[in-house]
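> Below are the sequence and a predicted model for it; my questions follow.
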Amino acid sequence: MKSTPIPSEVVNEVIDAFGIHPAGKATIRELVKIVNDIEGITGEEYIRMEMGVPGLDPTFVGTEAEMIALRQGVASKYPNIEGIAPLKEEAARFVNLFLDVDVKPMNCVPTVGSMMGGMAAFMVVNRSDQNRTGTLFLDPGFPVQKQQCLVLGHQFGSFDLYDYRGNKLRKKMEEEIEKGQYSSILYSNPNNPSWICLNDAELKIIGEISMKYDLTVIEDLAYFGMDFRKDLSQPGVPPFQPTVAKYTDNYLLLISSSKAFSYAGQRIGMIIISPGLYDRKYKDLKRYYSSEKFGHAMIYGALYALSAGASHTAQYALAAIFKAVNNGTYNYIEEVREYGAKATILKGLFQKYGFRIVYNMDLDEPIADGFYFTLSYPGFDGPQLVEKLLYYGISAISLGITGSTRTEGLRACVSQVRRDQFKVLEERLSLFNKNHPIPE
Ligand SMILES: Cc1ncc(COP(=O)(O)O)c(C=O)c1O
């Protein structure tokens with residue numbers, strides 16, 4: 001038995017008790033539990049790269065606004081499901097200033113995080129036509145969105161976007177769409193987990209396809225503005241976060257406060273319903289909702305049934321954050337840039353000890369440094385590598401669970417790794433490399 005930084009008996013015992021073999025097949029939250037248990041028994045701190053938890057303090061203007069709202073007594077009142085007026089106004093301004101797209105406050109509706117935005121989107125889009133029931137995912141992606149389709153009983157399909165970048169995208173999407181009975185297309189941009197960033201030419205293709213086949217695009221902007229190669233931080237000044245909203249009338253945007261504003265704990269996000277979709281009528285929606293109008297079904301059907309709106313105080317927080325960002329008094333990108341800076345160092349360390357970056361190119365440029373990166377190590381598949389690294393005090397998830405075809409890989413999230421852990425990470429990686437020499 002080779003010596004490992006975390007006693008192998010403890011790792012074995014916890015994995016056995018969990019009953020998932022290899023442990024790399026576990027979901028994100030299951031891995032969190034496995035690592036918590038091992039840390040609890042050994043007292044040894046892990047380099048935690050399995051879950052995308054923001055590693056920064058929550059945006060101050062948000063917490064202040066939320067406390068004021070709480071003191072003013074909003075906690076006793078049900079919030080309007082459509083959202084409070086200042087939030088709707090500032091969200092519409094944000095979309096205009098940072099995406100260069102015109103929407104009205106009525107098109108901007110708060111959700112309990114983008115998780116709920118996705119669920120509500122599936123509940124309405126995938127029920128708008130009785131002959132079409134599912135979502136085409138441009139993978140790799142965020143695994144729980146497929147779980148949402150599963151629990152709703154919706155069909156889904158996917159392909160690995162990495163193999164079909166640029167002009168290849170149109171043909172591949174058309175082939176997939178003709179095979180399936182899709183109502184919607186979903187992708188995240190920047191992409192969790194590969195961190196590829198779709199450009200305007202590709203978004204134009206997606207937009208044109210959505211119009212041609214009458215599909216709704218669900219664009220997940222969980223990492224809004226976080227392609228740090230460009231400065232996307234100035235309100236109303238190009239370049240803007242690229243978006244499909246420029247190329248189709250048939251879109252929903254999911255804007256999360258979790259990563260951009262480090263506000264994950266308050267579970268607040270926005271769904272932006274395109275003006276073209278908001279008043280559109282789908283007679284098949286009447287099977288589930290009181291109205292055949294898309295926007296009405298979304299708000300008074302899906303969101304009402306899910307939670308009857310988003311937390312009142314968190315809405316005040318997000319309104320204040322958007323206002324500060326829109327007015328240019330708070331530059332959120334300056335804060336989250338730290339993730340990119342840490343990614344540069346972390347990727348360098350892993351590569352020094354024999355790891356490879358799996359999704360390493362973004363069209364003809366090297367992949368940007370951001371919130372996630374992907375790794376492999378010769379001789380291991382993804383789930384085995386996830387399990388092996390647990391003995392070295394490093395946690396990550398397998399790419400297989402993200403819909404990736406790169407099953408040799410894993411996803412590493414930089415956010416929770418502290419700079420003071422770089423030294424211990426290097427020691428652990430060096431030992432891993434020594435214990436698993438790479439054949440010449
Ligand atoms: C691509 C993607 N979409 C959605 C979410 C969920 O966002 P929220 O915290 O707003 O529910 C995440 C969180 O990790 C994500 O990575």
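The structure has been received and is ready for your questions.
> Could you tell me which ranges of the stretch 1-150 of the chain sit under the pLDDT cut-off?
1 (pLDDT under 70).
> tally of neighbours for the residue of it found nearest the ligand?
The ligand sits closest to Gly113 of the stretch 1-150 of the chain, with a gap of 2.7 Å, by C-beta to the nearest ligand atom. C-beta coordinates here come from the backbone N, C-alpha and C atoms, glycine included. In terms of burial, Gly113 registers 23 neighbours under the definition other C-beta atoms under 10 Å.
> what's the answer for Asn167, then?
Neighbour number of Asn167 under other C-beta under 10 Å is 10.
> and it, what does it touch?
By C-beta atoms under 8 Å, 6 or more residues apart in numbering, the contact list for Asn167 reads Ile205.
> hmm, try it at 10 Å
With contacts defined as C-beta atoms under 10 Å, 6 or more residues apart in numbering, Asn167 is in contact with Ala201, Glu202, Ile205.
> Specify the next element, helix or strand, located C-terminal of the strand or helix carrying the last one.
Using DSSP states H and E, Ile205 falls within helix 200-212. Taking DSSP H and E as the definition, the helix or strand that follows helix 200-212 towards the C-terminus is strand 216-221.
> Please report how far the closest residue to the residue of the stretch 1-150 of the chain closest to the ligand other than its chain neighbours lies from Met119.
Leaving aside its chain neighbours, Gly113 sits nearest to Arg267 (4.4 Å; criterion: C-beta to C-beta, 6 or more residues apart in numbering). Distance from Arg267 to Met119, counting by C-beta to C-beta, to the nearest Å: 13 Å.
> Residues of this structure that sit close to the ligand?
Residues of the chain found near the ligand (C-beta under 6 Å from any ligand atom) are 52, 113-115, 142, 188, 192, 220, 222, 256, 258, 264, 269.
> could you redo the last one with a cut-off of 5 Å?
Gly52, Gly113, Ser114, Met115, Phe142, Ser188, Asn192, Asp220, Ala222, Ser256, Ser258, Gly269 (C-beta under 5 Å from any ligand atom).
> burial of the first one, as a residue count?
Right, Gly52. Per other C-beta under 10 Å, the neighbour tally for Gly52 reads 23.
> Which residues are in contact with the residue of the stretch 1-150 of the chain closest to the ligand?
119, 222, 254, 256-258, 263-269, 310, 314.
> So what does Ser128 have for phi and psi?
Dihedral angles of Ser128 (phi, psi; degrees, to the nearest 10) stand at phi -90, psi -10.
> Next one: it from Thr407, what distance?
Separation of Ser128 from Thr407 (C-beta to C-beta) stands at 34 Å.
> Please say which of those two ends up with more neighbours.
Ser128 (24 against 14).
> Number of residues surrounding the residue nearest to the more buried one when sequence neighbours are not counted?
Spatial nearest neighbour of Ser128, excluding adjacent residues (C-beta to C-beta, 6+ apart): Tyr282 at 3.9 Å. As a burial measure, Tyr282 scores 21 neighbours (other C-beta under 10 Å).
> Enumerate every residue touching Tyr282.
124-125, 127-130, 183, 289, 291-294, 297.
> Now the common contact residues for Arg267 and Met119.
By C-beta under 10 Å, 6+ apart, the residues touching both Arg267 and Met119 are Thr111, Val112, Gly113.
> What residues sit buried inside stretch 430-439?
By 16 or more other C-beta atoms under 10 Å, the buried positions in stretch 430-439 come out as Leu431, Phe432, Asn433, His436.
> Pull the residues that contact that stretch.
Stretch 430-439 is contacted by residues 2-5, 349-350, 352-355, 377-380, 385, 388-389, 391-394 when judged by C-beta under 10 Å, 6+ apart.
> Pick out whichever of Arg267 and Met119 has more residues nearby.
Met119 (22 against 19).
> hang on, the more buried one in a helix?
Yes. Judged by DSSP: H, G, I helix; E, B strand; the rest coil, Met119 forms part of a helix.
> Show the backbone phi and psi for Arg357.
Heads up, residue 357 is Ile, not Arg. With angles defined as degrees, to the nearest 10, Ile357 sits at phi -90, psi 120.
> same question, the one 5 residues further on
For Asp362, the backbone dihedrals are phi -120, psi 90 (criterion: degrees, to the nearest 10).
> chain center to the helix or strand hosting Leu253, what's the gap?
Assigned by DSSP H and E, Leu253 falls within strand 251-256. Chain-centre distance of strand 251-256: 11 Å, with C-alpha atoms, centre = their mean, to the nearest Å.
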